[in-house]
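Q: model this:
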Amino acid sequence: MKNKTITISGPPGSGTTTLAKILERETGLKHVYTGDIFRRLAKEHGMSLDEFGKYCEKHSEIDKKLDEEQRKILEKGNIILEGRLAGWIAYKNKIPAFKVFLDADLDTRIRRVIKREGGDFEQRKKEILEREKSEEKRYRTYYGFDPKDKSFYDIVIDTSDKKPEEVANMVLNRLFRT
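A: A predicted model of the protein is given here:
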């Protein structure tokens, strides 16, 4: 694959990591997950993801540092960058990339997170909703960005009733047409 950059965005449990791993295997492009960076920073600060998200609401330098790292990764190209704002950062900085957004209904996403990480349904639901509320607040405050705006993505897929291979095929078919 020659000089391709792919971004994959979506809420927790929508299938972004699964898709990124399949695309990495199928395209030979390296997969970088921005959630790992965010988790590392939360750990360094001695906080849970929820606590760290709330901390970031008052400390914009964390998000700005993460965004700058993503921009640099995207500018190098030939990468699959997975992250909530990966597609938006490519769009905002006019970096050529094939931008994917995945979504799924809330119950499906909760079940997937529980399967991956364990936990109680109601507790996971509360955590996901709080995290999404915190992220939305930060995105609107710091960037004036509405996370519900999907107009700049090249493909938007509801993964609620789709198998990972089906989603990957949809992306690959569209990717190779562009």
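Q: lowest confidence element among the helices and strands of this protein?
A: None of the helices or strands of the chain scores lower by mean pLDDT, DSSP states H and E than helix 49-58, at a mean of 84.
Q: That one - contacts with which helices or strands?
A: Using 3 or more CB pairs under 8 Å, 6 or more residues apart in numbering; DSSP states H and E as the contact test, the elements touching helix 49-58 are helix 34-44, helix 60-76, helix 121-143. Any C-beta I mention is one placed from the backbone N, CA and C, and that applies to glycine too.
Q: mind redoing it with 7 Å?
A: For helix 49-58, the elements it packs on are helix 34-44, helix 121-143, judged by 3 or more CB pairs under 7 Å, 6 or more residues apart in numbering; DSSP states H and E.
Q: was I right about Leu102 contacting Ser160?
A: No - Leu102 is beyond contact range of Ser160, at 10.1 Å (criterion: CB atoms under 7 Å).
Q: Flag the shaky bits of this structure, pLDDT-wise.
A: The chain contains residues with pLDDT under 70 at 1-3, 178.
Q: rerun that using 90 as the cut-off
A: Within the chain, the stretches with pLDDT under 90 are 1-4, 35-41, 48-67, 69, 130-148, 175-178.
Q: can you tell me how far Lys162 sits from Val156?
A: With distances taken as CB to CB, to the nearest Å, Lys162 is found 13 Å from Val156.
Q: circling back: ok, residues contacting the least confident helix or strand of the chain?
A: 39, 41-42, 45, 47, 62-63, 127, 130-131, 134-135, 137-138 (CB atoms under 7 Å, 6 or more residues apart in numbering).
Q: most surrounded residue in those?
A: Highest neighbour count within those: Arg138, with 22 neighbours (other CB atoms under 10 Å).
Q: in terms of contact, does that one touch Asp63 like I think?
A: Yes - with contacts counted by CB under 7 Å, Arg138 reaches Asp63, the gap being 6.0 Å.
Q: how about the contacts of helix 49-58 in CSV, adding distance to Gly28?
A: Listed next are the contacts of helix 49-58 as CSV, based on distance: CB to CB, whole Å:
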residue, distance to Gly28
Arg39, 26
Leu41, 29
Ala42, 31
His45, 35
Met47, 36
Ile62, 32
Asp63, 31
Glu127, 35
Glu130, 38
Arg131, 32
Ser134, 36
Glu135, 31
Lys137, 38
Arg138, 34
